[in-house]
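Participant: Here is a sequence together with a model predicted from it:
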Amino acid sequence: MRVLVVDDEEHLTELLSMALRYEGWEVRTAGTGMDAVRVARELAPDAVVLDMMLPDFDGLEVLRRMRAVEPDVPVLFLTAKDAVEDRVAGLTAGGDDYVTKPFSLEEVVARVRALIRRTAVVAQEPSSVLAVGDLTLDEDSHEVVRAGTEISLTATEFELLRFLMRNPRRVLSKAQILDRVWNYDFGGQANIVELYISYLRKKIDHDREPMIHTMRGAGYVLKPAAGS
């Protein structure tokens, strides 16, 4: 497995690199956005740990440029502790997860491991098309279509929707979703489920009869829209 670590704090990249190499992964580092894009093209990483603040351009621009070449590479953002807008912007732009500084090396390693495992599971499973009402999801090609309109999802949005579609009409709790989609204990940050559910609603239910429903105090359920 190949991991790219991007941060302009050299001591931090050294510590992260050491921890990730201990897992047996190949690690490359970059201290600027330009270097990150260049190394990503050379390395074709299986995961990227990406700081939001870089000396030349920010992590969102790095993500945009990397995804132009490697559209499915999972990205873990590093953000300032109080920069809520950074976290929201990063996830909205297509990042798959985030940790706030300061963080433990064990936490970063666990989250990178979860991203790689989730991506590998999606890639290795046999071709299968899930269908709920007028919504279809191709697990092999990652194509999602509702009522004839193709919908573009990030890797994490895709995995969340797939879990919902594999359990139609079943109420899924936040804990169940965290365990299945993120594969680790989120340390009480279950609000990330709410955030991603809202992203899915904007893409799946926008200007359409809603399919994703909140069951207050219980969780979320996906079911066919009325009449579909």
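Facilitator: Happy to help now that I have it. Predicted model, so just to flag it, every value in this text is computed and none were measured.
Participant: Let me see the contact set for the residue nearest in space to the middle of the chain.
Facilitator: Closest residue to the average C-alpha location of the chain: residue 96 at 2.0 Å, with CA atoms, centre = their mean. Residue 96 makes contact with 74-76, 115, 154-156 under the criterion CB atoms under 8 Å, 6 or more residues apart in numbering. Quick note: C-beta positions are derived from backbone N, CA and C, even for glycine.
Participant: Kindly state the domain boundaries assigned to the chain.
Facilitator: Following the TED database, the chain resolves into domains at 2-121, 129-222.
Participant: I'd like those domains written out as TSV, with mean pLDDT added.
Facilitator: What follows is those, written out as TSV (pLDDT from 0 to 100):
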stretch	mean pLDDT
domain 2-121	84
domain 129-222	87
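Participant: out of these, deepest packed?
Facilitator: Of all those, domain 2-121 carries the top mean neighbour count, a mean of 18, counting by mean count of other CB atoms under 10 Å.
Participant: Return the distance of that one from the chain's centre.
Facilitator: 12 Å (CA atoms, centre = their mean, to the nearest Å).
Participant: Which residues outside the longest helix seen in the chain are in contact with it?
Facilitator: Taking DSSP state H as the criterion, the chain has its longest helix at helix 105-124. The contact list for helix 105-124, computed with CB under 8 Å, 6+ apart, reads 1, 3, 15-16, 19-20, 23, 46-47, 49, 72, 74, 76, 96-97, 99, 139, 142, 155-156, 158-159, 162, 181-184, 187.
Participant: how far does it sit from the chain's center?
Facilitator: 10 Å.
Participant: ok, now which ones touch residue 218?
Facilitator: Shown in contact with residue 218 (CB under 8 Å, 6+ apart): 171, 173.
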